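A.B. asks: here you go, sequence then predicted model.
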Amino acid sequence: MTRYEPVIGLEVHAQLKTRSKLFCSCPTDFGKRPNANTCPVCAGMPGALPVVNKKAVEYAVKLALAVQCSINQHSIFARKNYFYPDLPKGYQISQYEEPLAENGRLSILSEDSDKSIGITRIHMEDDAGKSIHSSVENQSYCDLNRTGVPLIEIVSEPDIRSPEEAVAYLRGLRSILMYLGICDANMEEGNFRCDANVSLRPIGQDPFGIRTELKNMNSFRHVQKALEYEIKRQEGLLSDGETVIQETRLFDDARGVTKSMRGKEEAHDYRYFPDPDLIPLRLAETDIRQWEADLPELPRTKKQRFQRQYVLPEYDAAILTAERHLADYFEETINQGSLPAKVVSNWIMTDVLRELREKNMALSECSFGPSQFAALLKLVDSGKISAKTGKQIFPEIFARGLDPEQYVADKGFVQISDDTELNRIVEEVLAENPGELKAYKEGKTKLLSFFMGQVMKKTKGQANPKLVTEKLKEVLK
C-alpha cells in the first residue's frame, strides 16, 4: 500500500473562437500558409500598438461566470518576459497580479461522489508562434500565424488527487467551453492544452512536496498516462530516500515516460510588469449581467434535468449531455417523434455514437438530422420494420442522410402486418410440417421457434415477429 498521496494542479490554456486575434485584426484561421496571418502588431514591430478584442473579453467572462468565479471589473495586462524564437515581441501579453477572474469551482464525479475542484484564477493572454524543426534539412522555422491568438488560462487549485480526477476535471471544463461555443476544445489541434503540476506528500501530511510540471500532453489519455508515470517515478525516488527536483518535464507518448526538459521557472523569472501600451481593462456591470443572461443551460444542470424530466439513468444522462450537440440531438428527436426517452437514448449511445467514431466525424457534420432519426425510430416503434432491420439499415441512411420511410419503401423492407396475409402464411407453414405440428401438440412446445423460423423464412424476414408469435400461439392452442 502506498505511503504517499498525489497533489495535482492543472493549468489549462483554451483558445478562444474569435475571428480576429487578441490585440489586432489579423484572422485566427487555422491551416493558412506560414506567416500569412500577421501584421506589425502581432509580429512585434516597434511602434505598433495593441487594442484589446472585446469579443475575447466577453468569451473569457462567460467561462468565468460558468465556473462561478468572481469577476474583477478592473484587471491589468502585463508583460511576461522571456526569449524564444517564436515570440517576436520578446514578451507575452498576459495578466498576473490583477487577473480577470478568481475563486471559482468545478464539480466532478470522483469515486461515485461529487467533488469540487477549486479554480484559482482565469486570465487572458495572447499565444506565441510555432517553431517547426526539420531534422532532414537541419533547419528550424517560425510560423507566426498563431502569435496573438486569444487564450484564456484556467488555473486550478491543487485539489486533484489522482490521474482519473484530473481527466474528469478536464472533460468537465472542455464540455463547458463547448456548450458556451467559445472554444473548439480539441487537444490534438492544440486549442485546448494542459500542463500539470504534480507532487507527492506522505499521507496525512499537510505541507506539499516538491512539484514537477508536465508538458506535451495532447489527449486525455496522455494526461492520465503522464500523471500515472510521474507519480510512480516520484514515489520511487522518495521511497529510496532521494529528493524530487523541481523541474519541467516532457511526456514522451511513444515510450510512456516523462523526461527532464529544464529547471522550473518561478514568477519572478518572467519579470512581470504592467504593459504600458494597454490601459487597464474595466468591465461595466451591465455587460457582465448581459453576458451572464446569455449563458446556456450548462452540462451539469442539463444532466440533472435529463435524469429528472426523462427518467434516465445517471450514466445515460452523463453521456448525452457531455456535448451540447448530442444533448440537442436527443431532445429534438424526442420532440419530433414523441418517442420514449430511453429508446432514443439507447439508439444514440449505441448506433449514433458508433457511426460517429467509425467515420471520425462530429455530430454537427452529420446530414442525418433529428427529424430523420425520429422517423426511423417511429418505423420501428409502429412495427412497420423490425428493430433488427432498423439496425441493419442505420449505417447507410445515417452516412448518406437518407429519408428512412422512402428508403424502407424502395428496398421493400416494410414488415407484413396484415392479419389476412399472416393467417394464410401461418396455415401454410403448419400444413407443410405435419410431423412437427403433431409433436408440438404432444407437448414439445419448444417447436414454436421452429414454426416462427419457417414463417420468417417464407416471408424473407418481413413478417411482424410479434404478430406471428401471437397467431402461432392462437392456432396451436
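C.D. replies: On my side now, so go ahead. Residues are numbered from 1 along each chain as shown.

A.B. asks: for this protein, longest strand please?
C.D. replies: Ranked by residue count under DSSP state E, the longest strand found in the chain is strand 113-126.

A.B. asks: that strand - contacts with which helices or strands?
C.D. replies: helix 54-66, strand 91-94, strand 101-110, strand 150-156, helix 163-180 (3 or more Cβ pairs under 8 Å, 6 or more residues apart in numbering; DSSP states H and E). C-beta: built from backbone N, CA, C; applies to glycine.

A.B. asks: reformat those as a markdown table; add distance to V344.
C.D. replies: Listed next are the helices and strands packed on strand 113-126 as a markdown table, based on distance: least, Cβ to Cβ, whole Å:
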| stretch | distance to V344 |
| --- | --- |
| helix 54-66 | 27 |
| strand 91-94 | 45 |
| strand 101-110 | 24 |
| strand 150-156 | 34 |
| helix 163-180 | 20 |
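
A.B. asks: re earlier: list the buried ones in the longest strand of the chain?
C.D. replies: 115, 117, 119-126 (16 or more other Cβ atoms under 10 Å).

A.B. asks: show me what the next helix or strand after that strand is in contact with.
C.D. replies: Later in the chain than strand 113-126, the nearest helix or strand by DSSP states H and E is strand 130-134. Residues from elsewhere that reach strand 130-134, judged by Cβ atoms under 8 Å, 6 or more residues apart in numbering: 84-86, 139-146.

A.B. asks: contact partners for the nearest residue to I71 once chain neighbours are set aside?
C.D. replies: Counting by Cβ to Cβ, 6 or more residues apart in numbering, the nearest residue to I71 once its immediate chain neighbours are dropped is A101, at 5.2 Å. Residues in contact with A101 (Cβ under 8 Å, 6+ apart) are 60-61, 64, 69-72, 121-123.

A.B. asks: repeat for L430
C.D. replies: By Cβ under 8 Å, 6+ apart, L430 lies in contact with 437, 451, 475-476.

A.B. asks: kindly recompute the last result at 6 Å.
C.D. replies: With contact taken as Cβ atoms under 6 Å, 6 or more residues apart in numbering, L430 is in contact with L437.

A.B. asks: so it belongs to a helix, correct?
C.D. replies: Yes. Assessed by DSSP: H, G, I helix; E, B strand; the rest coil, L430 belongs to a helix.

A.B. asks: and it, how far from K473?
C.D. replies: Distance check for L430 against K473: by Cβ to Cβ, to the nearest Å, it reads 13 Å.

A.B. asks: can I get the helix or strand harbouring L356 in CSV, CA atoms only?
C.D. replies: Element membership for L356, per DSSP H and E: helix 353-359. C-alpha atoms of helix 353-359 as CSV (Å, rounded to 0.1, in the frame of the first residue of the first chain):
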residue,chain,number,x,y,z
LEU,A,353,-22.0,7.3,-31.4
ARG,A,354,-20.6,4.1,-33.1
GLU,A,355,-21.1,5.6,-36.5
LEU,A,356,-19.5,8.9,-35.5
ARG,A,357,-16.5,7.1,-34.1
GLU,A,358,-16.1,4.9,-37.1
LYS,A,359,-16.4,7.8,-39.5
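
A.B. asks: flag every buried residue along it.
C.D. replies: If you call a residue buried by 16+ other Cβ under 10 Å, then helix 353-359 has these buried ones: 355-356.

A.B. asks: can you name the element that comes right after that helix?
C.D. replies: The next secondary structure element downstream of helix 353-359 (using DSSP H and E) turns out to be helix 370-381.

A.B. asks: now that next one: buried residues?
C.D. replies: Buried residues in helix 370-381, counted by 16+ other Cβ under 10 Å: 370, 372-381.

A.B. asks: just give me the closest of those to K446.
C.D. replies: Using Cβ to Cβ, V380 is the member of the buried residues of helix 370-381 that lies nearest K446, at 27.9 Å.

A.B. asks: give the contact list for the closest one.
C.D. replies: Shown here is V380, whose contacts under the criterion Cβ under 6 Å, 6+ apart are 387, 390.

A.B. asks: how near is it to E157?
C.D. replies: If you measure V380 against E157 using Cβ to Cβ, the figure is 49 Å.
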